[in-house]
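Chemist: prediction below, plus the sequence it came from.
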Amino acid sequence: MKLDIGAPSNGAPRSLGERIDHVRAQIAEFAVAAGRDPASIRLVGVTKKQPREAVAAAVQAGLSDIAENYVQEAAPKFAGLAAAKHFIGHVQTNKAKAIVETFDVVQSVDRLEAGLALHKASQSLGKPIVALVQVNISATERFGVAPRDAPALVQELRARGLVVDGIMAIGPNTSDTDETARAFTEAARVFERVGGTTLSIGMSGDFAQAIACGSTMVRIGTALFGARA
């Protein structure tokens, strides 16, 4: 399937498959510039407000990881798709079971009760779940644990049985590249302290800087699917 979604008129790649290839080429370019192996960086397509048709086409084109903010939007959209499914929205404990049923990875655990609710749901459903702890590195971001408190939260969650494989953070909403670099460097320092394999930082507007700071996972929406409706 060749699907044009939010395609620009400036000569940039038009089809979804071309956009995926283009973003992967950019990831490789930024990784090499940072002295890193491009294979160490995982691309997650953020499908918020995109139709199921677009998500299915992206998976068919080789996108192996997809993400959503809302479980009620993801459940019908993701059903039956052969891709790793990531939850990147705020975790409400009363929706923990639905989140575990729908997703494989929860990137946004920012407090103990949320992590414990996910682990309880995982045990009840007999379905493994991998978590990342969300760290707040931006004054404009509402959610996320303070960087200084993240190691203790990770330690407690692991002690209680939840698989925590690293951290996620959202960069500051700014055009100041120095401020973004400082924020991502702070996230990288937290990641070094807590360990795991995943440092999920970087989105469409700042993934070059995120890769330079050590990101192992970038969450890309607009650059793949175009602007949301």
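Modeler: In hand now; what should we look at?

Chemist: can you pull out the strands in this structure?
Modeler: With strands called from DSSP state E, the chain shows them at 42-46, 65-68, 84-87, 105-109, 130-135, 163-169, 198-200, 217-220.

Chemist: low-confidence ranges in the chain?
Modeler: 1-13, 228-229 (pLDDT under 70).

Chemist: rerun at 50
Modeler: 1-10 (pLDDT under 50).

Chemist: how about the helices of the chain, start to end?
Modeler: 16-33, 52-60, 71-78, 96-102, 112-125, 150-159, 177-194, 207-212, 222-225 (DSSP state H).

Chemist: what's the most buried one of those?
Modeler: helix 207-212 (a mean of 23; mean count of other CB atoms under 10 Å). The way it works is simple: take the backbone N, C-alpha and C, and place the C-beta from them, glycine included.

Chemist: so what touches that helix?
Modeler: For helix 207-212, contacts defined as CB atoms under 8 Å, 6 or more residues apart in numbering pick out 26-27, 30-31, 33-34, 36, 41, 171, 177, 180-181, 184, 201-203, 215, 218, 220.

Chemist: 10 Å - rerun?
Modeler: 23, 26-36, 38, 40-41, 43, 169, 171, 177-178, 180-181, 183-185, 187-188, 199-203, 215-220, 223 (CB atoms under 10 Å, 6 or more residues apart in numbering).

Chemist: contacting residues for residue 168?
Modeler: 86, 88, 105-110, 131-135, 144, 187, 191, 198-201, 217, 219.

Chemist: so it bridges to which residues?
Modeler: Assessed by DSSP bridges, residue 168 has beta-bridge partners residue 134, residue 200.

Chemist: for residue 219, same thing?
Modeler: residue 44.

Chemist: what about it, how many residues nearby?
Modeler: Look at residue 219: counted by other CB atoms under 10 Å, it has 24 neighbours.

Chemist: ok, back up a step: any chance of the helices of the chain in JSON lines, with distance to residue 139 too?
Modeler: Compiled in JSON lines, the helices of the chain are given as follows (distance: least, CB to CB, whole Å):
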{"stretch": "helix 16-33", "distance to residue 139": "26"}
{"stretch": "helix 52-60", "distance to residue 139": "32"}
{"stretch": "helix 71-78", "distance to residue 139": "28"}
{"stretch": "helix 96-102", "distance to residue 139": "27"}
{"stretch": "helix 112-125", "distance to residue 139": "22"}
{"stretch": "helix 150-159", "distance to residue 139": "17"}
{"stretch": "helix 177-194", "distance to residue 139": "10"}
{"stretch": "helix 207-212", "distance to residue 139": "17"}
{"stretch": "helix 222-225", "distance to residue 139": "23"}
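
Chemist: identify whichever of the ones you listed lies nearest to residue 140.
Modeler: Residue 140 lies closest to helix 177-194 among these, at 10.7 Å (CB to CB).
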